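Chemist: Curious how this folds, go ahead:
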Amino acid sequence: MSKFPLGQVVATPDALEALQEAGQSPAFFLDRHAVGDWGSVCEEDKRANDEALVNGGRLLSAYKTLKGVRLWVITEADRSSTCVLLPENY
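Modeler: Numbers count the residues shown, from 1 in each chain. This next block holds a predicted model:
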């Protein structure tokens, strides 16, 4: 069950390319993000995400594709949009 709205979902071309090369769908990572599975973020970022669920604030998840490419999923503080991107696209 989703813990917050994703808003408009967008992705960078590099992220879409990495997902295609890995044979994975953005939905797999978006679903994990939406249920509060923050992936491989540090403890400080996990705490910040958990606090943001209560108090508002940006949400950041980090995952790796099956090909080992690191992806970020970021939902804006106002929950208007969520972006799938590579860290170097930030």
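
Chemist: where do the strands sit along the chain?
Modeler: 8-11, 59-64, 70-75, 81-85 (DSSP state E).

Chemist: Is it possible to get CSV of these that adds mean pLDDT?
Modeler: What follows is those, written out as CSV (pLDDT from 0 to 100):
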stretch, mean pLDDT
strand 8-11, 98
strand 59-64, 98
strand 70-75, 98
strand 81-85, 98
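
Chemist: Compare those and report which one is nearest to Glu44.
Modeler: strand 59-64 (10.8 Å; CB to CB). From N, CA and C alone the C-beta is placed, and that goes for glycine too.

Chemist: which other helices and strands contact the closest one?
Modeler: helix 26-34, helix 43-55, strand 70-75 (3 or more CB pairs under 8 Å, 6 or more residues apart in numbering; DSSP states H and E).

Chemist: For it, list every residue counted as buried.
Modeler: 59-63 (16 or more other CB atoms under 10 Å).

Chemist: And the residue nearest the centre of this protein?
Modeler: Centroid-nearest residue in the chain, with CA atoms, centre = their mean: Val73, separated by 1.8 Å.
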